[in-house]
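A.B. asks: Requesting a structural model of the entry that follows:
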Amino acid sequence: MYEKVSQIIDEKVKPILATHHGSIELVSVENNCVEVKLLGACSGCPSAKATLEDTVLGSIQEELPSIQEVILVTEISEDLMAMARNILSHHKE
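C.D. replies: Have a look, this model is predicted:
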């Protein structure tokens, strides 16, 4: 199932998100639930919920109707943490 969801995301979802300077990463597929991370401009976008429901879930359910939910995994990337540490260290000086 993971491979099929990954293929759908690569072929259908990523090209759509790329038009908005964003991308998506598949995290897991378990119990008819897909977990993803939004990347680039899509990460933190106010329209993320609509993107998940309409674009991601809709595209997956066209081929895999058993998938019931797409969950956004939000975690801070190491790049963002490094940038924050750098900014904060400059304020201490």
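A.B. asks: residue ranges with poor pLDDT in this protein?
C.D. replies: By pLDDT under 70, the low-scoring segments of the chain are 75-80, 91-93.
A.B. asks: Now do the strands in it.
C.D. replies: Assigned by DSSP state E, the strands in the chain fall at 22-30, 33-40, 69-72.
A.B. asks: Can you tell me what sits against the longest one?
C.D. replies: Think strand 22-30. With contact meaning CB atoms under 8 Å, 6 or more residues apart in numbering, strand 22-30 is reached by 1-2, 5-6, 9, 13-14, 17, 34-43, 45, 56, 67, 73. The C-beta positions use only the backbone N, C-alpha and C, and glycine is treated the same way.
A.B. asks: Just the buried subset of those residues, please.
C.D. replies: By neighbour count, with 16 or more other CB atoms under 10 Å, the contacts of strand 22-30 hold Val5, Ile9, Val13, Leu17, Val34, Val36, Lys37, Leu38, Cys42, Ser43, Val56, Ile67 as buried.
A.B. asks: For the closest residue to the first one other than its chain neighbours, name its beta-bridge partners.
C.D. replies: Excluding its sequence neighbours, the residue lying closest to Val5 (CB to CB, 6 or more residues apart in numbering) is Val29, at 5.0 Å. Note on Val29: beta-bridge partners Val34, judged by DSSP bridges.
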